[in-house]
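Undergrad: sequence first, then the predicted structure, then my questions.
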Amino acid sequence: MLLTLTSTAADATDLGYLLHKHPDRVQAFDLPVGKAHVFYPEASDDRCTVALLLEVDPIGLVRGRRFGGDGFALSQYVNDRPYAASSMLAVALGRVFRTALQGRCAARPELETRSLPLVVHVPALPCGGDPDLVERLFRPLGWQVSTVTGPLDPEVPEWGRSPYVDVTLTGDVVLSQALGHLYVLLPVLDGAKHYWVTNDEVDKLVRTAGGWLHDHPERDLITRRYLAHQQRYVTDATERLAALDDGSPDAVIDPGAAAAGAGPIATASVPAPGSQPDISATEPTMPTMPTMPKEPEGTSSTEVAVPLRQHRQDAVLTALRDVGARRVADLGCGEGALLARLLSDPSFTQVLGVDVSPRELDRATRRLGLDRLSDSQRARLTLRQSSLTYRDAALAGFDAVVLMEVIEHVDLDRLPALEANVFSHARPGAVVVTTPNADHNPLYERLATGTRRHPDHRFEWGRTEFAGWVETVGRRFGYSAELRPVGGVHPELGAPTQFALFRRDSGAAAGAA
Amino acid sequence: MTQIGIPQLCLVALVGASGSGKSTFAAEHFGRFEVISSDFCRGLVADDENDQSASKDAFDVLGYIAGKRLAAGRLTVVDATNVTKEARRQLVELAKAHDVLPVAIVLDVPASVASERNRSRPDRDFGPHVVKRHTDQLRRSLKGLGREGFRKVHVLSGVEAIDAAEVVREKLLNDHRDQHGPFDVIGDVHGCRSELESLLETLGYIIERDERGRPVDASHPGRRTVVFVGDLVDRGPDSPGVLRLAMGMTAAGHALAVPGNHEHKLVRALDGRNVQVSHGLETTLDQLAEEGEEFRAAVREWCYSLVSHLVLDDGWLVVAHAGLKEAYHGRASGRVRSFALYGDTTGETDEFGLPVRYPWAGDYRGLAMVLYGHTPTPVPEWVNNTLCLDTGAVFGGHLTALRYPEKQVVQVAAERVWYEPAKPFPTAGQTSGATAGRTTDDANGTVVTGRGEDELDLTDVLGKRVVETAYHGRISIRAEHAAGALEVMSRFALHPRWLPYLPPTMSPVATSSRNGILEHPDEAFAYFAEVDVPTVVCEEKHMGSRAVLLVCRDAETAARRFGATAGESGAVYTRTGRSFLARELTEQLLQRVRAGIESASLWDELDTDWVLLDAELLPWSLKAGPLLREQYAAVGAAARASLPVAVATLESARARGLDVDELLTRTTERAVNAAAFTAAYRPYVWSVDGLDGVRVAPFQLLASEGRTGHDHDHLWHLGVIDRIVTADPVTFRATRRVVVDLASQGSRDKATRWWEELTASGGEGMVVKPLGNLTRTRKGLVQPGLKVRGREYLRIIYGPDYTSPANLARLRSRNLGHKRSLALREYALGLESLERLTRVEPLWRVHEPVFAVLAMESEPIDPRL
């Protein structure tokens, strides 16, 4: 990957002093990310260009396992890292031009703070298909930005444009500042960081960008992107199996945007490539995360204060209290948003969280701070893996079972298995089911007509379909059901979420002959 | 010698004071591990056999060990004083918990003898008052032992009696394992004497009649034995006649019988107990009233004598009226009897107010076949190796028998509706929808291949598991791998009924040391020659995605054989069980495959109405579009954008006289490699509209009804498939192939040239397989195939620059051992699932190895191999 920086100042070769690299020498540096070469393709008094060329060794990346990948992702050898200006180039920049980045120049101290007419050229800059972003990031810092985008593959025109832009930045900028901009913003533009983010990163960010980040209009985006990838870069089984099916490497897990906790059996593993996020569950679950997109609340914007997810949980808890449930199982608990609320109410003496995804259970374990709970709290909670399409004897004997935003993630032809497992085998005193109301979907502006709220939803029912299902299931298994609206009710299209509370008929108690 | 009889499987409580000689008695009459002594358990937990303060913990340990033994069906003797009621109560509970009979053997010796013995043992210095107390407690207990729940009580009074005793182990009443049939197991008769006679005659029995023409016995010239599943009486026109025949047959040794709930109630009614006379009992009582007192007494005795269930044929066959779960086979307890007579209920009531029976058969995972009646069903359907034979003869349905071990159903139709059921009873002829097509021909003995409401249990797949395979022994699945597969199987895969098979991973050939390449045919030939395979076939590796096609002749076949519920006629799925296409497109594709099979007349030739095909589905971009776009094309685009600029920049530097020659050469080479990389992925991409552009290249016929494909050689498979291809060359693509005689260098060279030409023109490579298909040698299973991938194709696997000498040198050190072993295990699991499928085993049995393949694939292993 390549970056060139040109000065057209008088005595342009002073650039060599500022960078501490002699224009007539070719230098190479062995860095953890690869081999960096610094040379000057031109060096005259009125124009001097330095080139930083980083040779990345993708095989070394995999074999060395230095950068967090476990070597079992097919994507590793076939990788844009050797070509695109990524966070690796930023690392190389920081190492090779460290002194210049700090703005020190013993030989020409008067140049340390002087603005120079500079041109930066990055021929392949990843921008996630959003060339505007380059403009938004660099323009406020005093750069004129020009970008050229080529086709992804000239022989396959239907694939559209390349996600890489050829960028030229022109401006009168202090050299150390210019390097600082690149050092911070290259990783921001590059979606995937190649190394673990630690607390040091925050310090680095403040140190490098302290002067200009505060007033940058895209400050939040920069901070979030720079620091947000705090996910464990561990390839788990689900990813490996997705890879078997030739799923694209980023399709399985999008660490930055993991919209979690809406309660599907596994939310984060789901989004298909190019899919829209789950608009019914995109608010942040981690309080430390910076701003995330807000959930649209239908047409009544005044109600935005309480997200729908909160309404749903409230409704579930109300129903559980209505039936006097003490032993509760949350099936498809995800990372445990509802479990946390159940735990905070001591009247729920036994709480079981079940999910099919080991990864989600890991998250729940961390999120609920299982290791830090007191013995008495800990004794109330069990987390275990299970599947709703396989029978599970351990689900029997609960006062209530919650299926919050779960059924729509199950294929229709496997729903009978779920029904039998919950209503016949587990057979709790009560069952709470919530699911989106498809009738309500036209109120979501961002949702194209006929599409569903989440790409993993296998179906979304309108009120008639849901009521029909509730009625059938209740009759077949001996439960009486009550429907309740959740969220703001639209006069014609109903509430955004449908909700059913099933109570087991007393005449049909388990064990009765 | 006094013989004291105890059941072969029971919990024996020795009862006697300290010093009464229990341990000596136990050592003499029972095996070393059969006896658990409380003293020993005290020693285990407290280092002191006589530490009475440890008694509670010691009993916990004792109970745990005894429980494990009883659960495994092993006779267990508890050597403790057991002189208190409380101590014995715990043992009776333990026996009941494992459904075995509790037996007490009391060693009653004079206190003086016991004390004297204790005096001679230094560790028992607790004085004569303890023995006296024991003896008093024992004496007080003696009378009540039977009431406490001991089914047999043997009291040995005095030293001489104890010395003279001999323990004899008796078979349980339900233990008929030494009877091997063949059997004809007959479902609920309910007084339908005439239908029973017809059925017996259809089965080939010769009926004997008394002077009044009433049937009193029936025997089979082939020495077959009838087993009645109970409910011989009530509702029907001639319960006494049925009883007379059945009683005569059992007396003559021509039949066995288990009681049904109706016999159970009849006994109580005949005994004058207060029972509700309904459900047809009134009919029987009226009919019996016309018989003599003697006959009624004989009926009462006969019904009373019936044992709740029978274990036959070395344990391979179990007969009980309402069925029996595996844990109860060969056991004896109140709840075993109750289950056998009445079955389980879910607690639900149906729309007619009748209790819904708990579908215990769905849980059944035993290897023994269980035959039963009790719940009338229109058509007998296998559920997990169990079959209900009550087909509602008295309601106008059929009287059904199963020939064992032939597994043939034999039926006669009811002459009329003898009794109006509480809810409408759909007879076989009237069924529609889901049960359509599952009928069997009356009385001509077709094998029932329909499947029941099999449900899968989490314990069928989760946790550490061992799968027994026919070709590779026991294969272990680690718990964490199973956990990894569960999510994919539950959320993304098709319903398991559509996934009777998942393809195994395939190993690449050993790494070549030739210049500039990583894989070469030589190593494949060498591997197979080494394991004495004389001939191999090289098959072109299609540039698509692996696909399995389950194709049924029609939707009805799919419903009957695979339990389709929504009119599907098959499935087309990926290596991890996902559907390739949307439902409608799948059906369209299946229709094309069917047409091909039809015009090749394969249904008849293979005598089947479904086939399972192993294939490649093209283009690769159909499934891997996002991967190609976001990974491969993106890398190409980034390289195209940056490398030419880098070359130009380096050229400027060189023009200035800087020494960048080496770097420039390398960068120029990389630009060439990047172009080659882009050229390598492009043949995998073409656009598809609906099915237009979709190609299927089948290369093996995995299974069809009753047979698996792995015993046919590959040329047979390809020959059959060529006929399908000929029928529709647009949809199907033939597989080019070369047969290689490994003994001939010329033959090898020819195949190598073929591979070189194939891969030079953009082909992916080839798979080398033993021509004879499934091959085993003394050393075990041989790899079913090795892939030899082309030089350019490997660029999209190992990266654009993999061909540089430095990179190749590093890539050559790739470890194939694990991959090879995995490939063999997955291959064996695949064969196992196919064999289970063709043997019409229950869904959980077919699913077990299929899930195991997926679990193995979740193992971390270099995906480039």
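TA: Looks like it came in fine. Numbering: from 1, shown residues only, chains lettered A, B, ... in the order given.
Undergrad: from now on I want contacts and neighbour counts done on CA atoms only, so please keep to that.
TA: OK.
Undergrad: interface residues of the stretch 701-850 of chain B facing chain A?
TA: For the stretch 701-850 of chain B, the contact set with chain A under C-alpha under 8 Å from any C-alpha of the partner chain comprises B:796-800, B:807.
Undergrad: neighbour-wise, which of these leads?
TA: Within these, most neighbours by other C-alpha atoms under 10 Å in any protein chain shown means B:Pro800, with 28 neighbours.
Undergrad: wait, that residue touches B:Ala674, no?
TA: Yes. With contact defined as C-alpha atoms under 8 Å, B:Pro800 and B:Ala674 form a contacting pair (5.5 Å).
Undergrad: between the residues of the stretch 701-850 of chain B next to chain A, which sits nearest chain A?
TA: Chain A has its nearest neighbour among those in B:Gly799, at 4.6 Å by C-alpha to the nearest C-alpha.
Undergrad: B:Ala828 reaches B:His472, doesn't it?
TA: Yes. Between B:Ala828 and B:His472 a contact is recorded at 5.8 Å, counting by C-alpha under 8 Å.
Undergrad: between the two, who's got more neighbours?
TA: Counted by other C-alpha under 10 Å, B:Ala828 and B:His472 do not tie: B:Ala828 has more neighbours, with 25 against 19.
Undergrad: and that one, what is it in contact with?
TA: B:469-472 (C-alpha atoms under 8 Å, 6 or more residues apart in numbering or on different chains).
Undergrad: PyMOL command for the buried members of those residues?
TA: Entered in PyMOL, the line below selects the buried ones among the contacts of B:Ala828, by 16 or more other C-alpha atoms under 10 Å in any protein chain shown:
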select buried, chain B and resi 469+471+472
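Undergrad: dig out what B:Asp692 forms beta bridges with.
TA: On the basis of DSSP bridges, B:Asp692 is bridged to B:Asp689.
Undergrad: sorry, that was for B:Val12
TA: The partner residues for B:Val12, given DSSP bridges, come to B:Val77, B:Val103.
Undergrad: look up phi and psi at residue 416.
TA: Defaulting to chain A. phi -60, psi -40 (degrees, to the nearest 10).
Undergrad: to clarify, I was referring to chain B.
TA: phi -170, psi 180.
Undergrad: okay, it and B:Pro376: tell me how far apart.
TA: Distance of B:Arg416 to B:Pro376, computed by C-alpha to C-alpha, to the nearest Å: 16 Å.
Undergrad: which of these two has more neighbours?
TA: Set B:Arg416 next to B:Pro376 and count neighbours by other C-alpha under 10 Å: B:Pro376 wins out with 22 against 12.
Undergrad: now the more buried one, what's its secondary structure?
TA: coil (DSSP: H, G, I helix; E, B strand; the rest coil).
Undergrad: can you check the pLDDT for it?
TA: For B:Pro376, the model assigns a pLDDT of 90.
Undergrad: cool, the one 5 residues further on as well?
TA: For B:Glu381, the model assigns a pLDDT of 85.
Undergrad: can you check B:Leu628 too?
TA: At B:Leu628, pLDDT is 89.
Undergrad: so it: helix, strand or coil?
TA: Per three-state DSSP, B:Leu628 ends up helix.
Undergrad: same check, this time on A:Tyr40
TA: strand.
Undergrad: contacting residues for the closest residue to A:Leu2 other than its chain neighbours?
TA: Nearest residue to A:Leu2, sequence neighbours excluded (C-alpha to C-alpha, 6 or more residues apart in numbering or on different chains): A:Leu53, at 4.6 Å. If you count contacts by C-alpha under 8 Å, 6+ apart, A:Leu53 has them with A:1-3, A:36-38, B:646.
Undergrad: pop the domain breakdown of the chain in here.
TA: As the question left the chain open, I've gone with chain A. Annotated domains of chain A cover A:2-227, A:303-508 [automatic domain parsing].
Undergrad: sorry, should have said chain B
TA: When chain B is cut into domains by automatic domain parsing, you get B:2-170, B:175-304+B:376-435, B:456-499+B:816-865, B:511-538+B:736-804, B:620-684.
Undergrad: mind putting these into CSV with distance to A:Ala438?
TA: Output for the domains of chain B, formatted as CSV (distance: least, C-alpha to C-alpha, whole Å):
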stretch, distance to A:Ala438
domain B:2-170, 51
domain B:175-304+B:376-435, 30
domain B:456-499+B:816-865, 21
domain B:511-538+B:736-804, 43
domain B:620-684, 28
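Undergrad: can you say which of those is nearest to A:Leu31?
TA: domain B:620-684 (16.7 Å; C-alpha to C-alpha).
Undergrad: chain center to that closest one: distance?
TA: 53 Å (C-alpha atoms, centre = their mean, to the nearest Å).
Undergrad: same deal with stretch A:180-187?
TA: Distance, centroid of stretch A:180-187 to centroid of chain: 21 Å (C-alpha atoms, centre = their mean).
Undergrad: which other residues reach that stretch?
TA: Contacts for stretch A:180-187 (C-alpha under 8 Å, 6+ apart): A:85-87, A:89-91, A:93-94, A:101, A:125, A:137-138, A:141, A:193, A:205, A:208-209, A:222, A:226.
Undergrad: all helices of the stretch 401-513 of chain A, in order?
TA: A:415-419, A:463-477 (DSSP state H, counting those that start in this stretch).
Undergrad: least reliable of those going by mean pLDDT?
TA: helix A:415-419 (a mean of 90).
Undergrad: so which bits of that helix are buried?
TA: A:415, A:417-419.
Undergrad: what subset of those is also close to chain B?
TA: A:Ala417.
Undergrad: ok, the buried residues of helix A:415-419 vs chain B, which is closest?
TA: Lowest distance from chain B to these (C-alpha to the nearest C-alpha) belongs to A:Ala417, with 7.6 Å.
Undergrad: let me see the contact set for that closest one.
TA: Contacts of A:Ala417 by C-alpha under 8 Å, 6+ apart are A:388-390, B:455.
Undergrad: quick one: low-confidence ranges for the chain?
TA: Defaulting to chain A. Within chain A, the set of residues satisfying pLDDT under 70 comprises A:61-76, A:191-199, A:201-202, A:210, A:227-306, A:507-513.
Undergrad: ah, I was thinking of chain B
TA: B:125, B:346-356, B:426-454.
Undergrad: what segments of the stretch 201-350 of chain B are strands?
TA: With strands called from DSSP state E, counting those that start in this stretch, the stretch 201-350 of chain B shows them at B:206-209, B:215-219, B:225-228, B:255-257, B:309-312, B:317-320, B:345-349.
Undergrad: please identify which of these is closest to chain A.
TA: Nearest of the strands of the stretch 201-350 of chain B (C-alpha to the nearest C-alpha): strand B:345-349, 4.6 Å.
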